[in-house]
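[1] The sequence and its predicted three-dimensional model are supplied below.
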Amino acid sequence: MLEWDEDFKGLISFLKDQRNPPFLLCDENTYKVCGEYISKELEKLKISYDLLILPPDSHSDEKNIGKAFLNTRENSLIVSVGSGSITDTARFIAYKQRLRFVSVPTAPSMDGYASPVSALTINGLKTTVLAKPPEKIFANLDIIKTSPNILKRAGFGDLMGKFTALADWKLSNILTGETINLKVVEEMYKACEDTLRNIEKENFEKLLLEGLIKSGELMTIIGNSRPASGSEHHVAHYWEFLGYNLFHGIKVGLSTLYIIRLYKTLLKINLDDLKYRNNIIKSFEEWKDEIKRNFSKIHDEIIKENIERIKKFNNLDFRREIIEKIKINRGKIYSIVEKLVEREEKILEGYKKINFSTNLEDWKIKKEDLRRALIYSIYIRDRFSILTLYQILGILEEEVEKII
Ligand SMILES: [Zn+2]
């Protein structure tokens, strides 16, 4: 899907061969970076096109989606020139209007370029909706390399989150029997490791973008987001819900470190002790109050979506079953944790090299909101992870307290 494209020769010749009129979707920054160049090249070839330039740092919200809608024709070929929000908007419109769509990434900043879903901001809340992956991605290496450092840090953080996402997937496979595709797991690991090894080297940005695009492609193969997203993404989504306006990948990069810490404590837990503890079980009313306090506007929805899950979380027999499975599979679980421990040091070294601060204060994230995110993000999606495991074992709150 990805084509490295010098001077956008590949993109221009692709557009020339299509019958559909190109619709360039940019923002003011990305127009300057390459949107303008692409329009001039199209003009030289007398290819007529539509163009919409959104204000800088526009969100993919109702207003911008509406503006983009108004600029499409029934046979437009959308060319999204930008990173996160621009691509999210384009992907969603392409899906809704059944339009063709190619992407021109301007920074290695997030994992959504090849993704089959879009993150939109509707009523001020981040919502994931179905979308259409691009037919092709035309990336220019000079542009990717000279993109702002903060965007590279975000992309790197997002990619490092795959280590915990894959660990969650493996853990779920062992403890709940969820289907896993080990070839996909290995492919994702390899992309992350290649990038990690090449930090500060010539091809770092190239590998970073390739890894991020790969995660979207693997999601399409699997049909869900397991290869790309786990508990670290849920924590990031909870911060998004609280209104933290940092880049997605920065939030993922930070939460990944805390998820690794939780994995590290997994092997130290005295499982026999937990089997007969029942003092941590909450009453339904108590749980509902907690959800109300921690999910303000959307608490009704969250309660409705989790009613069945909470029964499972409170079922002591289910807990004992899971404990037995952990005991039987200790070796396999040990190797998941070991792999993460090995990576932790390298990830931290990597963050240092690219000046990605791991101090939450530097990002203005309150410790209390870290605590809330680790405890309550499990209710955002029904997906087994290290966080749901701790909830099932009845130790989530106490373990979180120890690592923050
Ligand atoms: Zn992500």
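    Arrived safely, thanks for sending. Numbering: from 1, shown residues only.
[2] could you list every residue that touches the residue in the stretch 151-300 of the chain that the ion sits nearest to?
    Nearest residue of the stretch 151-300 of the chain to the ion: residue 158, at 4.3 Å (CB to the ion). For the C-beta atoms, the positions are set from N, CA and C on the backbone; glycine is no exception. Contact analysis of residue 158 by CB atoms under 8 Å, 6 or more residues apart in numbering lists 109, 110, 111, 212, 248, 249, 252, 253.
[3] Mind checking which of those land in helices?
    Taking DSSP state H as the definition of helices, the contacts of residue 158 contribute 212, 248, 249, 252, 253.
[4] quick one: contacts for the third one?
    Meaning residue 249. So residue 249 contacts 109, 110, 111, 153, 154, 155, 156, 157, 158, 159, 161 (CB under 8 Å, 6+ apart).
[5] For this structure, which residues score under the pLDDT cut-off?
    278-281 (pLDDT under 70).
[6] For it, what lies in contact range of the ion?
    By CB under 5 Å from the ion, the residues of the chain that approach the ion are 111, 158.
[7] Domain parsing of the chain, as residue ranges.
    Per automatic domain parsing, the domain ranges recorded for the chain read 2-146, 150-403.
[8] Enumerate every residue touching the residue of the stretch 1-150 of the chain found nearest the ion.
    Relative to the ion, the nearest point of the stretch 1-150 of the chain is residue 111 (4.2 Å; CB to the ion). By CB under 8 Å, 6+ apart, residue 111 lies in contact with 155, 158, 159, 162, 212, 215, 216, 228, 249.
[9] and the residue of the stretch 151-300 of the chain closest to the ion, what helix or strand is that in?
    Element membership for residue 158, per DSSP states H and E: helix 149-176.
[10] buried sites along that helix?
    The neighbour-count check on helix 149-176 (16 or more other CB atoms under 10 Å) flags 150-175 as buried.
[11] Check stretch 51-67 too.
    51, 52, 53, 54, 58, 59, 60, 61, 64, 65.
[12] Residue 90 is in contact with the last one, correct?
    No. Residue 65 is not in contact with residue 90 according to CB atoms under 8 Å; the separation is 9.9 Å.
[13] how about the strands of the stretch 1-150 of the chain, start to end?
    Taking DSSP state E, counting those that start in this stretch as the test, the strands found in the stretch 1-150 of the chain are 2-4, 22-27, 50-54, 77-82, 100-105, 117-122, 125-130, 136-139.
[14] Look at residue 355 and tell me its secondary structure.
    Under DSSP: H, G, I helix; E, B strand; the rest coil, residue 355 falls in the coil class.
[15] Excluding chain neighbours, give the residue nearest to residue 325 in space.
    residue 175 (5.1 Å; CB to CB, 6 or more residues apart in numbering).
[16] Could you verify my assumption that the one you found touches residue 386?
    No. Using CB under 8 Å, residue 175 is not in contact with residue 386, being 10.4 Å away.
[17] Off-centre distance for the helix holding residue 158?
    8 Å (CA atoms, centre = their mean, to the nearest Å).
[18] Any buried residues in the following helix or strand past it, and which?
    Following helix 149-176 in sequence order, the next helix or strand is helix 182-197 (DSSP H and E). Under the neighbour-count criterion of 16+ other CB under 10 Å, helix 182-197 has 184, 185, 187, 188, 189, 191, 192, 195, 196 buried.
[19] my guess is the fourth one meets residue 163, correct?
    No. Residue 188 is not in contact with residue 163 according to CB under 8 Å; the separation is 9.1 Å.
[20] what's the helix or strand hosting residue 299 in contact with?
    Using DSSP H and E, residue 299 maps to helix 299-313. Residues from elsewhere that reach helix 299-313 (CB under 8 Å, 6+ apart): 284, 287-288, 291-292, 295, 318, 379-380, 382, 388, 391-392.
[21] Send me the helix or strand that it is followed by as PDB with only the CA atoms.
    The helix or strand immediately downstream of helix 299-313 is helix 316-328, counting by DSSP H and E. Taking Å, rounded to 0.1, in the frame of the first residue of the first chain, the C-alpha atoms of helix 316-328 are listed here in PDB:
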ATOM      1  CA  LEU A 316     -15.600 -15.700  42.300                       C
ATOM      2  CA  ASP A 317     -15.800 -18.900  40.400                       C
ATOM      3  CA  PHE A 318     -14.700 -17.200  37.200                       C
ATOM      4  CA  ARG A 319     -11.800 -15.700  39.200                       C
ATOM      5  CA  ARG A 320     -10.700 -19.100  40.400                       C
ATOM      6  CA  GLU A 321     -10.900 -20.400  36.900                       C
ATOM      7  CA  ILE A 322      -8.600 -17.700  35.700                       C
ATOM      8  CA  ILE A 323      -6.200 -18.300  38.600                       C
ATOM      9  CA  GLU A 324      -5.900 -21.900  37.600                       C
ATOM     10  CA  LYS A 325      -5.200 -21.000  34.000                       C
ATOM     11  CA  ILE A 326      -2.500 -18.600  35.100                       C
ATOM     12  CA  LYS A 327      -0.900 -21.300  37.200                       C
ATOM     13  CA  ILE A 328      -1.000 -23.900  34.400                       C
END
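[22] Quote the end-to-end distance of stretch 114-128.
    Start-to-end span of stretch 114-128 (CA to CA, to the nearest Å) is 15 Å.
[23] can you pull the buried residues of that stretch?
    So, applying 16+ other CB under 10 Å, buried residues of stretch 114-128: 114, 115, 116, 117, 118, 119, 120, 121.
[24] Pick the one among those closest to residue 364.
    The closest of the buried residues of stretch 114-128 to residue 364 turns out to be residue 121 (CB to CB; 19.7 Å).
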